[in-house]
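Enquirer: just need the structure, nothing else, for what follows:
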Amino acid sequence: MPPSDSAVPPEAVRRGPNGAVLILAATAIGGGAGYLLQIITGAALGTAAYAPFAVFWSALYLLISALSGVQQEVARATHVLGEGARGASRAPVVRNFAVVAALIIAVLIAGTAWIWVGAVFPANGWSLVLPLVIGLAAYVVVAATAGVLYGLSLWASAAALTIVDGLVRFAIVAVMLSLTTDIAVLAWGVTLPFAITPLILWPFIRRGVVGRFGIDVGPRELSWNVLRTVTAAAATGVMVSGLPLMIQATGDIVSSDAFGSLSYAITLTRAPIVIVVLALQSYLVVVFRTDADAMLGRVVRFAIIVLAGAGLLSLLAWWLGPWALSILFGRADVLSGGTIALLVATAGLVGVLCVTGAATLSRAQHGPFAGGWIVAAVSTIIALLLPLGLHERTILAMIVGPVAGLIVHIVALRRPASVHLGPPAPDDPIS
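Expert: Numbers count the residues shown, from 1 in each chain. Below is the predicted model of the structure:
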């Protein structure tokens, strides 16, 4: 895999497959901890009580999904500095951006809460606003840090960030569940790890980061690019972690029990595909960036892998899904095998959209990148507004949305890249 002039260093490219293994392993551990946490929480609270917890989780991760655009753009823009540039004295662009962005997010969420708190958190209200604000502000710092680690191909450090975050969250919430079922208390257990994780890891990763990287854009262009990647990531969140929230907001949920069962199934059955591919997005951006000539072939191969995996998991979900949910909820009429299989299959479409999105971003096609996800999200919401049953409109939305977004990305990828961004020269802005 020969690197181009805009690539990561040759030694990083050579260990690229190990990077994928590390990121996937981290996702399995950190994401698996979150997956298991959802199972334990649902079992401990029951379907009706799980519904408000699912809405908080959905709202939090909808916004976190949006803010993950910070990580994607920082990963794309970050390059290793040459020895001659390492001593250059420049403004700490990424650090300053992260601090300012965190403050803006905190003020924005807290300042607008009076408008949406009653609709989004009708049962718990203001008790969920402060943990939401703290968690989101802290996540901006996590996202910027992770972006730099990915851009430098520091796969072990990036993996550690994912693992520690997931395990700390699991430990805190598991202890809380043994003491209380108060949703407001559990919300703090979900959000605090975003603040704790960087504090734990920074002493270990600082030496490999400080003074060792540059970005290929200045502060203004970084802000503009991040605005577009955040918009795209917000649209991603609508289709992934924010889906239960969108379902509740757009139509009749029949009952808390029916909505809780569907939300639980969506969370658990789609996670093995969607979480894995989302976790690899920054990795894919860097990998696609290393060899632009081979990118389209890699996109096709990744898409085939994702669809094949989704097909296999759909068959398993159709066979074992009803039994697994009956064990968890203590009754046999939770969801049919066909419904569960379709939920898993649609996750494959979202996974492919993640792959094509990473490809467009690696070419600095920020407009088509955001456009594909926006079209997908809008199509999803339109389908959810149709006068259909709860399950029917949900599954239709989960098919129509990603297909519409894929069309936008595929059209963009068939065009030649108009911008080629490489590593910064010694006089360019650095961290």
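
Enquirer: wait, isn't L37 in contact with V173?
Expert: Yes - using C-beta atoms under 8 Å, L37 is in contact with V173, at 5.7 Å. For every residue, glycine as well, the C-beta is placed using N, CA and C.

Enquirer: which of those two has more residues huddled nearby?
Expert: For the pair L37 and V173, the greater number of neighbours falls to V173 (25 against 21), based on other C-beta atoms under 10 Å.

Enquirer: for the more buried one, which non-adjacent residue is closest in space?
Expert: Take V173 and drop its neighbours on the chain: the residue closest to it by C-beta to C-beta, 6 or more residues apart in numbering is G189, 4.0 Å away.

Enquirer: buried ones in the helix or strand containing A184?
Expert: Using DSSP states H and E, A184 maps to helix 183-191. Neighbour-count burial for helix 183-191 flags I183, A184, L186, A187, W188, G189, V190, T191 (criterion: 16 or more other C-beta atoms under 10 Å).

Enquirer: and stretch 373-383, by the same measure?
Expert: W373, I374, V375, A376, A377, S379, T380, I381, A383.

Enquirer: before we move on, back to that, any idea of the pLDDT on the residue nearest to V173?
Expert: Looking at G189, its pLDDT is 93.

Enquirer: ok, it to S153 distance?
Expert: As for G189, its distance to S153 is 33 Å (criterion: C-beta to C-beta, to the nearest Å).

Enquirer: and L406, by the same measure?
Expert: If you go by C-beta to C-beta, the gap between L406 and S153 works out to 28 Å.

Enquirer: the more surrounded of these two?
Expert: S153 (24 against 21).

Enquirer: now the closest residue to L128 other than its chain neighbours. Its backbone dihedrals?
Expert: Sequence neighbours aside, F121 is the residue nearest to L128 in space, at 4.8 Å (criterion: C-beta to C-beta, 6+ apart). With angles defined as degrees, to the nearest 10, F121 sits at phi -120, psi 70.

Enquirer: which strand or helix spans the most centrally placed residue in the chain?
Expert: Centroid check for the chain by C-alpha atoms, centre = their mean gives S65 as the closest residue, at 4.5 Å. Per DSSP H and E: S65 is located in helix 32-77.

Enquirer: how far is that helix from where the chain is centred?
Expert: Remark: helix 32-77 is offset 9 Å from the chain centroid, using C-alpha atoms, centre = their mean, to the nearest Å.

Enquirer: so A265 touches G337, yeah?
Expert: No - using C-beta under 8 Å as the test, A265 is too far from G337 to be in contact (11.3 Å).

Enquirer: when these two are compared, which one has more neighbours?
Expert: A265 (22 against 16).

Enquirer: what about the nearest residue in space to the more buried one that is not next to it in sequence, distance to H391?
Expert: Nearest residue to A265, sequence neighbours excluded (C-beta to C-beta, 6+ apart): L335, at 5.3 Å. For L335, the distance to H391 (C-beta to C-beta) stands at 8 Å.

Enquirer: same question, A317
Expert: 15 Å.

Enquirer: those two: who's more crowded?
Expert: Each of A317 and H391 has its neighbours counted (other C-beta under 10 Å); A317 has more, 28 against 18.

Enquirer: bridging residues for I215?
Expert: T78 (DSSP bridges).

Enquirer: my read: it touches H79, true?
Expert: Yes - look at I215 against H79 with C-beta under 8 Å: they come within range, at 7.3 Å.

Enquirer: neighbour count winner among the two?
Expert: Counted by other C-beta under 10 Å, I215 and H79 do not tie: I215 has more neighbours, with 28 against 24.

Enquirer: next one, pLDDT for the more buried one please.
Expert: 84.

Enquirer: same question for L421.
Expert: L421 carries a pLDDT score of 50 in this model.

Enquirer: one step back: what helices and strands are in contact with the helix holding A184?
Expert: helix 32-77, helix 129-151, helix 155-179 (3 or more C-beta pairs under 8 Å, 6 or more residues apart in numbering; DSSP states H and E).

Enquirer: now it, how far from the centre of its chain.
Expert: Chain-centre distance of helix 183-191: 20 Å, with C-alpha atoms, centre = their mean.

Enquirer: quick one: name whatever helix or strand follows that helix.
Expert: Per DSSP H and E, the helix or strand that comes after helix 183-191 is helix 193-209.

Enquirer: can you list contacts of that following helix?
Expert: 134-136, 138-139, 141-142, 145, 148-149, 152, 154, 157, 160-161, 164-166, 168-169, 172, 431 (C-beta atoms under 8 Å, 6 or more residues apart in numbering).

Enquirer: roughly how far apart are G19 and G297?
Expert: Distance from G19 to G297, by C-beta to C-beta: 19 Å.

Enquirer: same question, G34
Expert: 33 Å.

Enquirer: which one of those two is surrounded by more residues?
Expert: G34 (21 against 10).

Enquirer: dump the residue contacts of the more buried one.
Expert: So G34 contacts G166, R169, F170, I275 (C-beta under 8 Å, 6+ apart).

Enquirer: kindly reformat the residues you listed as a markdown table containing neighbour count.
Expert: As requested, the contacts of G34 are exported to a markdown table (neighbours: other C-beta atoms under 10 Å):
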| residue | neighbour count |
| --- | --- |
| G166 | 24 |
| R169 | 22 |
| F170 | 20 |
| I275 | 21 |
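
Enquirer: overlap in contacts, L335 and H391.
Expert: L262.

Enquirer: follow-up on the earlier one: surely the residue nearest to the centre of the chain touches L245?
Expert: No - assessed by C-beta under 8 Å, S65 is found out of contact with L245, at 11.3 Å.

Enquirer: so D252, which of the three states?
Expert: At D252 the chain is in coil, as set by DSSP: H, G, I helix; E, B strand; the rest coil.

Enquirer: now do the contacts for it.
Expert: Counting by C-beta under 8 Å, 6+ apart, D252 makes contact with L390.

Enquirer: in the protein, what spans have low per-residue confidence?
Expert: 1-17, 82-91, 253-254, 292, 329-334, 417-431 (pLDDT under 70).

Enquirer: quick revisit: in a markdown table, list the contacts of G34 along with distance to L227.
Expert: Compiled in a markdown table, the contacts of G34 are given as follows (distance: C-beta to C-beta, whole Å):
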| residue | distance to L227 |
| --- | --- |
| G166 | 28 |
| R169 | 28 |
| F170 | 33 |
| I275 | 25 |
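
Enquirer: from these, which single one is nearest E73?
Expert: I275 (20.9 Å; C-beta to C-beta).

Enquirer: secondary structure element for the closest one, which one?
Expert: helix 256-279.
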